[in-house]
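> following is a predicted model, sequence given first.
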Amino acid sequence: MEKFVVAIREDPIVRISSTERFLPVKKGEKFSLIDEDVFFCDYNDYPQGRVYINDTLYTIALEPQHGWVVKEVKPEFIKHRCEAVSTFGITQSMLDKHQDAYFNSEDNFLKSHILNWNHHYREPTLVEFLYEKVYHNWVDRDVSVDEFILDTCYTLALYMPRFSKRFKGKITLYKNYLSMMEDKETAMKVGRALSIMFPYLTASQIGEIVDEYKTKFAPREFTLRTSTLASDFVTAYRSTQCEYEDPRQSCSRKAMSSSCMRGNTFDHLDRHPVEFYASGEFMIVWLTTKDGLIGGRCVVRLPYVKWIPRTFTYKVMPHVAAPVYGACDTSINMIEEYLDSIGADRSCEYNGWVGARLLNLSDGDGGHFGAYLDLEPRSVDAYQKYLVISEGGEIDASYYGGILGNTFDYHCENCGEGLHDDEAHYSEDNDQTYCEHCFNDIHSCCDNCNHQSLTENIQSVHYRVARGTFVTDADGNRITKRVMVTDRYDYCEVCCDEEAVHCNLTEEWWCDDEAKYIADEDLYHPVHRLEEDGFKEDEEGEYSRHGEEE
Ligand SMILES: [Zn+2]
Ligand SMILES: [Zn+2]
């Protein structure tokens, strides 16, 4: 990587034959570091380098105090600008003819829609991917963004890369101008295509993009499985998921990466919360890759017989699916196709699961192992071995912690509300736990140490401060005048003890440096009121009121 130095101020310091001097150089000028060598010498601590400035070799300290900073260029893009375009076999003048497509004729700025891939290229997904990879990883920041965009857009517009239809995994493009004119395309390996279009990328950079390309675009193959067993519910939720690809989402299609129930979140519990689905009334549909990774899943209520009172008949209800969670569009689509093939209701409507039974798995402490229910209403009632999904059920099943029901860590000392660990507010003043509302009701902030303290323990502590006030002078002009006024802080007990004193005569707390101790009467009194309240100073600097009484 090439290194250079930049002057960060006018006339930076240089050294020549061990004398330092200021050299007339403009701020912002750049000079290449010779041999890219940075060295240290015996008599100072600065990293140093050598540069030619106007054909004279100088030593400079690479230190901002000396007016220099070191920078690195990523030179690949600059060196190879337009190389791709010229290997394509067209000349600059041929390119210039296309300028109109890219520039506004009025202001000569790049047209803003140039990055709207859908408009210009035949494979927008691929073009966008290539552009993002090259731009975010390897563009030298010193290159103007416009230049980069323009060159890359030329390149992509000339080579016209697309996914090969005949050779899976290859990229098809026009190799050069001639083949473009004759409409003869060539399919080639991704790495080779990249090295033609982006000759400034190194082999390892191309390797990285190829890897990402494969994960992103290689067709995925999943195997679809179904089961009603607890262990399979756990597998589908807990096993490692395959790489995500931002699937299209809606209320019935969700990205698996955003599920709170995934992975080993519940390993600390005796049972996995999704085991409660294994009552026999639900099945899990899930996808695995050939490496055993999870590609998607969906919980489905099995068909059941429903009594329709109005018509005195029974009706067989179809499968009712929860939202489908998947790693990519392919996986979600595959599960949706399966659900359609068995006639499942996948509208995710309210009430689809009402009346269904889940297993009642007691945690031995008043709670039930159970997951966040995928369909509304999210509440259940416990009946012996089962939890029955019902509207307005007593147990809230919209909780992600793995245990439903009695799951509170604390109760508010004041109002009795149940609290989870992260909602509890502990009072250091009285060792009690409160909900946020009650805590704020009875606590205030100490102005001195900023800690919350019981309001009943907070004292107003007085102090004197200078304020500006408007007064009218003898000539009738409004002028500002400095006056001393008394103000107050809220102090907690600790801060009162440490930094304030109680003045018995005024019955006020005062900052300790603003009250005077009267040894004679063993009390404190605010300094600014000593005289006014009849205290007199003796030769030793002590105050007393005795003189007055005599
Ligand atoms: Zn409370
Ligand atoms: Zn305090």
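Looks like it arrived, so ask away. Ligands and ions are numbered 1, 2, ... in the order given.
> how many neighbours does V300 have?
By the criterion of other C-beta atoms under 10 Å, V300 has 27 neighbours. Placement of C-beta: from N, CA and C, glycine included.
> wait, is it part of a helix?
No - using DSSP: H, G, I helix; E, B strand; the rest coil, the assignment for V300 is strand, not a helix.
> wait, it touches P318, no?
No - under the criterion of C-beta atoms under 8 Å, V300 makes no contact with P318, lying 9.9 Å away.
> what ranges do the helices span in the stretch 251-400 of the chain?
Using DSSP state H, counting those that start in this stretch, the helices assigned to the stretch 251-400 of the chain run over residues 329-341.
> what separates G541 from I518, distance-wise?
Per C-beta to C-beta, to the nearest Å, G541 is found 12 Å from I518.
> out of those two, which sits in the more crowded spot?
Counting neighbours by other C-beta under 10 Å for G541 and for I518 shows that I518 has the greater number, 19 against 7.
> sketch out the low-pLDDT regions of the stretch 1-150 of the chain for me.
The stretch 1-150 of the chain contains residues with pLDDT under 70 at 1-2, 35-37, 42-45, 72-86, 90-120, 136-147.
> domain parsing for this structure?
Using automatic domain parsing, the domain ranges for the chain come out as 2-73, 77-217, 223-405, 459-549.
> distance to C449 for those - can I get that in a markdown table?
Shown next, in a markdown table, are the domains of the chain (distance: least, C-beta to C-beta, whole Å):
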| stretch | distance to C449 |
| --- | --- |
| domain 2-73 | 39 |
| domain 77-217 | 46 |
| domain 223-405 | 35 |
| domain 459-549 | 5 |
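> returning to that earlier point: so for V300 and P318, which residues contact both of them?
Jointly contacting V300 and P318 under the rule C-beta atoms under 8 Å, 6 or more residues apart in numbering are A344.
> around ligand 1, which positions in the chain sit nearby?
By C-beta under 5 Å from the ion, the residues of the chain that approach ligand 1 are C412, N414, C415, E417, C435, C438.
> quick one, which of the residues you listed are buried?
Applying 16 or more other C-beta atoms under 10 Å to those, the neighbour count classes C412, C435, C438 as buried.
> so how far is ligand 2 from the first one?
To tie it back to what came earlier, the one meant is C412. Distance of C412 to ligand 2, given as C-beta to the ion, to the nearest Å: 24 Å.
> contacts only, for the nearest residue to that residue once chain neighbours are set aside.
Residue nearest to C412 in three dimensions, not counting chain neighbours: C435, with 4.0 Å by C-beta to C-beta, 6 or more residues apart in numbering. Contacts for C435 (C-beta under 8 Å, 6+ apart) come out as C412, N414, C415, E417, L419, E423, A424, H425.
> same check on E417?
Shown in contact with E417 (C-beta under 8 Å, 6+ apart): H411, C435.
> where does the stretch 1-150 of the chain get nearest to ligand 2, which residue?
Using C-beta to the ion, the single residue of the stretch 1-150 of the chain nearest to ligand 2 is P64, 42.0 Å away.
> you'd agree that residue is up against I8?
Yes - counting by C-beta under 8 Å, I8 is a contact partner of P64 at 6.3 Å.
> how about residues contacting stretch 423-430?
409-410, 432-436, 439, 443, 451-454, 457, 493.
> span of it from start to end?
Its first and final residues considered, stretch 423-430 spans 18 Å by C-alpha to C-alpha, to the nearest Å.
> try stretch 231-245
Using C-alpha to C-alpha, the two ends of stretch 231-245 sit 27 Å apart.
> what's the mean pLDDT across that stretch?
Averaged across stretch 231-245, the pLDDT comes to 88.
> what of stretch 170-181?
The pLDDT scores in stretch 170-181 average 85.
> can you check stretch 497-511 too?
Stretch 497-511 shows a mean pLDDT of 92.
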